[in-house]
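> What shape does this take:
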Amino acid sequence: MRVRLKFAVLIGVACMAMAQAKAQQVTVTGTVLDENKLVMPGASVLNKNTGKRNYADAGGFYKIDAHQGDSIIFTFVGYITQTIAVPQSSGTYTKNILLDKQQRFLPSLEVKSQYTPYQLDSIDRRAQFQPWLDAKDIPLAGNATPEGFGISVSPITRFSRKEKDKRKFQKIYVQNEMEKYIDSRYTPLLVSHVTGMKGDSLLLFMQKFRPQYNVLRQQPSEELIYWIADNYHGWIKK
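Numbers count the residues shown, from 1 in each chain. I've put the predicted structure just below:
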């Protein structure tokens, strides 16, 4: 009898602990947008503490489980990563996220590795967005959109647009990878060494004369230097 009673008490304590843990869970929701307030389907939403990852749906809406103090990381190809901390211990926490575009000509990183900084960044981006790039079906946030933010997308519209959004994202991803590769080789430091330019004149030159991805893929560094010098001499003569 005592054994049964003790067993019942243990079960009761376990159930209470599970219920308490569940009650402390927070559902983090919101919409991911760019600086122009346009929704960003496919934005990656990662709970750094639990390792769980989700993706914003066709309306930019995201939803992910968390606990108080968890770090939620928002990423999208070509945009600056943003991190928030979950401030509450239960219920639903709504947070709309605005992501800013990454600026070109960022300082180069010194990485001692068998890979170049571009390759390391590319590997990391691929790992973050692989489900969106490869999978036939990915875990979307759901069919509900947070109210009061001026965005409404019906479940039918979401369903019909899902494949279209994936294809659109894949095109954006490929284009971004091409631009990242160009930036990794056609750097302000290299152009400045070849031309002697600095500041605004350097940026203006690099924006006017930007190598094509397909050419740059086949072009050795020596030829790239000659290409920069040739364009520079033609530019200063005008």
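
> what about the closest residue to Phe76 other than its chain neighbours, neighbour count?
Nearest-residue entry for Phe76: Ala43, 4.5 Å, with adjacent residues in sequence omitted and distances by Cβ to Cβ, 6 or more residues apart in numbering. From N, CA and C alone the C-beta is placed, and that goes for glycine too. By the criterion of other Cβ atoms under 10 Å, Ala43 has 28 neighbours.

> So Ala43 versus Asn96, what's the distance?
Using Cβ to Cβ, to the nearest Å, Ala43 is found at 12 Å from Asn96.

> after the longest helix along the chain, next one along is what?
Criterion DSSP state H: the longest helix present in the chain is helix 155-185. For helix 155-185, the following helix or strand on the C-terminal side (DSSP states H and E) is helix 188-195.

> Quick check: next helix or strand after the one helix or strand in the chain whose mean pLDDT sits lowest?
The weakest-scoring helix or strand in the chain, judged by mean pLDDT, DSSP states H and E, is helix 2-23 (a mean of 52). Counting by DSSP H and E, the element after helix 2-23 in chain order, helix or strand, is strand 26-34.

> immediately after that following strand, which helix or strand?
According to DSSP H and E, the helix or strand after strand 26-34 is strand 44-47.

> Pairing partners for that next one, with directions?
If you go by DSSP bridges, strand 44-47 pairs up with strand 53-55 (antiparallel), strand 71-75 (antiparallel).

> quick one: buried residues of the first one?
Which is strand 53-55. The neighbour-count check on strand 53-55 (16 or more other Cβ atoms under 10 Å) flags 53-55 as buried.

> And for the longest one?
Using 16+ other Cβ under 10 Å as the test for burial, strand 71-75 gives 72, 74-75.

> What mean pLDDT does it get?
The pLDDT scores in strand 71-75 average 93.

> Quick check: can you list the domain ranges of this structure?
According to automatic domain parsing, the chain comprises the domains 2-180, 186-237.

> Least confident of these, on average?
Looking at the domains of the chain, the weakest mean confidence is domain 2-180, a mean of 71.
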